[in-house]
Each structure stands twice: as structure tokens, then as C-alpha cells.
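> Let me see the structure of the following:
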Amino acid sequence: MAIFLREFLHFEFVCMIHLIHTPGYPLSQFVENFWFVKCPREECTREKILPDGAIELMINLGSPHKVFESENSTNFRLCKRAWLSGPKSKFIVIDETGGYNLIGIRFRKGGAYPFFDFPMKEVEASVIELDLIWGSFVNEIIEKMSGTEDPRVRFELLEHIILSRIRNIDDRTHAMIQYSLSLLENNPEEVRINELVNRIGISHKHFLRKYESMVGLGPKVILRINRFQKTICLLENSRKIPWAHLAYECNYYLVAK
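So this is what the prediction gives:
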């Protein structure tokens, strides 16, 4: 889902509709994109979602979704109307029985924090029904999303809804976290956490507390996820897998004993 567009993309393949909308300012500070996916399917299909450190809010306009504990597990949680998917350091498995009919918000790393009244660390590795967080306000969201079939109108409505939930944040702290995230994302093979903290000019303990509260995962975990995602991108562009080159580029190594 890490796609940056100013308007909309529309893909149709086997009756599939996939739209992505990038919001304007001020939401663009916190939200990477809004997305809509509709794909009717009759067969049961499990899908593995790889970790990327992001937080997403999803509104379901179709069949319930199952979230499994592991790839081969028979134990699952049923997500029905709307849910918040917290930041993860490991993959999760979902069952898309009945297909997709979802509209969602993909927050930037550290961008979900202004819309909720609790630290993002509390939703780490979790998928939580939105009713438990926003209560009856979810009924209003579902009603508005169900009142139109036009995804573009839904995007506009969702922008207004999410803007109504934003609260005041410390601009200096937000800027500090975004700066650190930028370094960790753009140079994951070079960044050292101690050097980063010294560059920012605050105590290590204070930095970790603020970082985990706003991002949901610690900086070392985000660093590992960024290396993992970079490896995936390099693999996708390689016909022949150059393992030694990948290990060097992404700063993976073995310690000789």
C-alpha cells in the first residue's frame, strides 16, 4: 500500500476495484493515503500481511474478516464492521472469505497518534474493533459510508470524519519523531540509535518513551522493519537473487564464532 499519488488510481482485474487517494494539508502530515478495495470472491483465501510498521483504520462494508494467530492456525478473531490494525513486527494472516469491500486509512508512521486518546504502544501487534475505541461514533461512520456507492465521495466524507477526531499535539515532539523516522527509513543501513538520540539532543529514555508512544514500536524494531522492506523491494526488482549483495545493501551479516 506504500503508494504516493495526488488523485486516484483505478485498477480493474478479475472484477477488482482498487482506488487510492492522497489527502491534502493538514491531513497529509499524518495520513499517507485513503484506500478502497472491492473484490468479490466465493472461495476461501488466506493472505499473509507482512510487517511494515504502519497503523491502518479499516471500515468493512462487506463480509466479516478473520484474523488468524498464525499461518496454519485454526484460531481466529472475527472483525466485523470497523477496526484499527496496530503496528506489527511480525506478519499476520487474514481470511478474505466473501471477498473485500473495504475502505481504509493508512497513517504515516507516527501519524495515528493525534487521532486517539492513548499511546500507540497499546495497540502494538493488535487488531481492535473500532467500537471499543470510538464507541457509538462508529455507527455514524458506517452510516455515512453506506449512504453512497461512490468511493470518491466516501473519501471526502472520511476526510471530514478523521479531521473531526484530531487533537492538539506538541509540534516540537511531532517534528522530532518525524525527523528520526525519516532517517531510519531513508538510511536504515547507516543509522545508529545512540547517534540519533545525540543528534536530536534529548535523553535516550525520554526519546524511547515518546517514540513508542507515538509510533507504537521502538526505533530498533522500526529499523529492522525498514531493512526488511528494503530487502523485499530489491528482491522484487531482481530476476536472479544476489544474496551477498542484498546482505551488504541492507546491512545484514553473520557473526563468525
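> And the strands in the stretch 1-150 of the chain, which stretches?
Per DSSP state E, counting those that start in this stretch, the stretch 1-150 of the chain carries strands over the ranges 10-12, 17-21, 31-39, 46-49, 56-60, 65-68, 76-79, 82-85, 92-95, 100-107, 127-129.
> got the angle for the second one vs strand 100-107?
Here the directions of strand 17-21 and strand 100-107 differ by 20 degrees (axes from the mean of the first three to the mean of the last three CA atoms, to 10 degrees).
> With just CA atoms, put strand 17-21 into CSV.
Coordinates of the C-alpha atoms in strand 17-21 are reproduced here as CSV (Å, rounded to 0.1, in the frame of the first residue of the first chain):
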residue,chain,number,x,y,z
ILE,A,17,-11.5,-2.2,-7.9
HIS,A,18,-8.6,-0.6,-6.1
LEU,A,19,-8.6,3.2,-5.5
ILE,A,20,-6.1,5.3,-3.6
HIS,A,21,-6.5,8.9,-2.6
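> which helices and strands sit right next to it?
Packing partners of strand 17-21 (3 or more CB pairs under 8 Å, 6 or more residues apart in numbering; DSSP states H and E): strand 10-12, strand 31-39, helix 151-163. Glycine gets a C-beta too; all of them are placed from N, C-alpha and C.
> for the ones you listed, which one ends up most surrounded?
strand 31-39 (a mean of 21; mean count of other CB atoms under 10 Å).
> where's it relative to the chain centroid, distance-wise?
How far strand 31-39 lies from its chain's middle: 11 Å, per CA atoms, centre = their mean, to the nearest Å.
> same for that strand, what does it pack against?
Strand 31-39 packs on strand 17-21, strand 100-107, helix 151-163, going by 3+ CB pairs under 8 Å, 6+ apart.
> run the last query once more with 10 Å
Counting contacts by 3 or more CB pairs under 10 Å, 6 or more residues apart in numbering; DSSP states H and E, strand 31-39 is packed against strand 17-21, strand 56-60, strand 100-107, helix 151-163.
> Any idea which of the helices and strands packed on strand 17-21 gets closest to I49?
I49 sits nearest to strand 31-39 of all the helices and strands packed on strand 17-21, at 13.0 Å, using CB to CB.
> what lines up beside that closest one in the sheet?
strand 17-21 (antiparallel), strand 100-107 (antiparallel) (DSSP bridges).
> confidence score at the nearest residue to K230 once chain neighbours are set aside?
Among residues not flanking K230 along the chain, C250 sits closest, at 5.3 Å (CB to CB, 6 or more residues apart in numbering). If you check C250, the pLDDT there is 75.
> Neighbours of C250, how many?
19 (other CB atoms under 10 Å).
> ok, now I59?
23.
> swap in Y248?
Using other CB under 10 Å: Y248 sits among 12 other residues.
> now it: how far from G110?
Distance of Y248 to G110, computed by CB to CB, to the nearest Å: 29 Å.
> May I have the residues that are in contact with the residue lying closest to L157 once chain neighbours are set aside?
Nearest-residue entry for L157: K144, 5.0 Å, with adjacent residues in sequence omitted and distances by CB to CB, 6+ apart. Neighbouring residues of K144 by CB atoms under 10 Å, 6 or more residues apart in numbering: I59, V153, R154, L157, L158, H160, I161.
> Same question for V191.
V191 touches S180, L183, L184, E185, R199, P219, I222, L223, N226, N251, counting by CB under 10 Å, 6+ apart.
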